[in-house]
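> Need coordinates for the following:
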Amino acid sequence: MRTLLFSSQHYDQESFTRASADTPLDLHFQSARLTLDTAALAHGFEVVCAFINDELDSQVLERLAAGGTRLIALRSAGYNHVDLAAAERLGLAVVRVPAYSPHAVAEHAVALIMALNRRLHRAYNRTREGDFTLHGLTGFDLHGKTVGVVGTGQIGAAFARIMAGFGCQLLAYDPSPNPQLLALGARYLELPELLRQSHIVSLHCPLTEHTRHLINQASLASLQPGAMLINTGRGALVDTPALIDALKSGHLGYLGLDVYEEEAQLFFADRSDLPLQDDVLARLLTFPNVIITAHQAFLTREALDAIATTTLDNIIRWAAGKAQNLVMS
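As a prediction, the model looks like this:
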């Protein structure tokens, strides 16, 4: 079965090639992002494998269906970028990877916390220039601090376990409380109260119509002065321009982002020789208390292997009439 992977990087090619060794699938890799302009590349491919920043709106899906595509195999857990109503209308099945390695994303969130707290990014650059002074590098003990976990699914639960190991007090916000967090002693609160009490807030919820811009000017004002905000979930969970005012005023003390609302045109490509056209991102990068990584939280060997294995299994089972991990509108 001919399968085309859009937005594929070298690490995708390596993991999918390994995972497909004993399968009947005919994999083809395309580095281009799936858009209306590139959809024609999928002509004749029964399966299109898409990633988080690929466009899967009604126009793109119509073009894929016209070219013979019958299955959209997402190699991600999120599917907010797919027009599911259009897919159903066109007879396109959509499958996803509901979980790969929650530890990968949770551990990256903790890495951002540690780097921001202990100013590792600043210390690294300073010592490379022969400056071994310590002024401006003072951090704080994580032990005893209150950490708010927004979204307590598998990733949020893995993150909570790590922070509990540091001796942090846990607060949580989620419409469906997770017994794993309750067992850690976490208290579930409404979001405004969680924001008010937390020294650190980490976002691990999916992007829906209810969570879009969950963190905005009003909710940022609810944070206690000097709090840290971490987002390894979805970029649009945060109203990004609102962050700038909160950082300028000093009300937001630290910011760690692995996702960005307008990342589709930027991330996963080397743009170092080009001027940065995104004024909001450019402004964020000027703050010394901000660390931005380019959607790399998922990028561990274990996660890549799990994504490839589950994606290929999804395709094979769908072809056999035993579809799994279907996304329904």
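> quick one: the strands in the stretch 1-150 of the chain?
2-5, 26-29, 47-50, 71-74, 93-95, 146-150 (DSSP state E, counting those that start in this stretch).
> most packed of those strands?
Compared across the strands of the stretch 1-150 of the chain, strand 47-50 shows the largest average neighbour count, a mean of 28 (mean count of other Cβ atoms under 10 Å). To be clear about C-beta, it is placed using only N, CA and C from the backbone, and glycine gets the same treatment.
> Quick one: list the elements packing against that one.
If contacts are counted by 3 or more Cβ pairs under 8 Å, 6 or more residues apart in numbering; DSSP states H and E, strand 47-50 sits against strand 2-5, strand 71-74, helix 301-319.
> quick one, which of the ones you listed is nearest to residue 114?
If you check each of the helices and strands packed on strand 47-50 against residue 114 by Cβ to Cβ, helix 301-319 wins as the nearest, at 19.8 Å.
> which residues touch residue 113?
Applying Cβ atoms under 8 Å, 6 or more residues apart in numbering to residue 113 gives the contacts 142, 200, 202, 228, 230, 256.
> how about 7 Å then?
Going by Cβ atoms under 7 Å, 6 or more residues apart in numbering, residue 113 touches 200, 228, 230, 256.
> Wait, a strand at the second one?
Just to be clear, that refers to residue 228. Yes: counting by DSSP: H, G, I helix; E, B strand; the rest coil, residue 228 is located in a strand.
> Chain neighbours aside, what residue packs nearest to it?
residue 254 (3.8 Å; Cβ to Cβ, 6 or more residues apart in numbering).
> could you say which helix or strand contains that neighbour?
Under the criterion of DSSP states H and E, residue 254 resides in strand 252-257.
> That strand pairs with which strands, parallel or anti?
Paired strands of strand 252-257, with direction, are strand 227-231 (parallel), strand 290-292 (parallel) (DSSP bridges).
> For residue 24, grab the count of nearby residues.
8 (other Cβ atoms under 10 Å).
> nope, residue 210 is what I meant
Residue 210 has 9 nearby residues by other Cβ under 10 Å.
> Which per-residue confidence value corresponds to it?
On pLDDT, residue 210 comes in at 94.
> In three-state terms, how would it be classified?
Reduced to three states by three-state DSSP, residue 210 is coil.
> What residues does it make contact with?
So residue 210 contacts nothing (Cβ under 7 Å, 6+ apart).
> Next, find the distance separating it from residue 75.
Plainly put, residue 210 is 25 Å away from residue 75 if you go by Cβ to Cβ, to the nearest Å.
> Then residue 142?
33 Å.
> more neighbours, those two?
Each of residue 142 and residue 75 has its neighbours counted (other Cβ under 10 Å); residue 75 has more, 28 against 19.
> Contact partners for the closest residue to that one other than its chain neighbours?
Computed as Cβ to Cβ, 6+ apart, the closest residue to residue 75 that is not its neighbour in sequence is residue 311, at 4.7 Å. Going by Cβ under 7 Å, 6+ apart, residue 311 touches 49, 73, 75, 97.
> need the helices for the chain, in chain order.
Per DSSP state H, the chain carries helices over the ranges 10-19, 58-66, 84-90, 102-117, 120-128, 154-165, 179-183, 191-197, 217-222, 240-249, 279-284, 301-319.
> and residue 3, which of those helices is closest to it?
helix 301-319 (6.4 Å).
> Just give me how far the closest one sits from the chain centre.
19 Å (Cα atoms, centre = their mean, to the nearest Å).
> Which residues are in contact with the residue nearest in space to the middle of the chain?
What sits nearest the mean C-alpha location of the chain, by Cα atoms, centre = their mean, is residue 233, with 4.2 Å. Applying Cβ under 7 Å, 6+ apart to residue 233 gives the contacts 151, 203-205, 259.
> Inside strands: which ones of those?
Applying DSSP state E to the contacts of residue 233, the entries found in strands are residue 203.
> Check the contacts of residue 233 against residue 18 and report the nearest one.
For the contacts of residue 233, the nearest to residue 18 is residue 259 (27.0 Å; Cβ to Cβ).
> Per-residue pLDDT of the spatially closest residue to the closest one that is not a sequence neighbour, please?
Spatial nearest neighbour of residue 259, chain neighbours left out: residue 235 (4.1 Å); criterion: Cβ to Cβ, 6+ apart. Here, the pLDDT recorded for residue 235 equals 96.
> gap between residue 235 and residue 294?
Distance, residue 235 to residue 294, by Cβ to Cβ: 11 Å.
> quick one: which of those two has more around it?
More crowded of residue 235 and residue 294, by other Cβ under 10 Å: residue 235, with 20 against 14.
> Is it correct that residue 160 is in contact with residue 181?
Yes: at 5.3 Å, residue 160 counts as touching residue 181 under the criterion of Cβ atoms under 7 Å.
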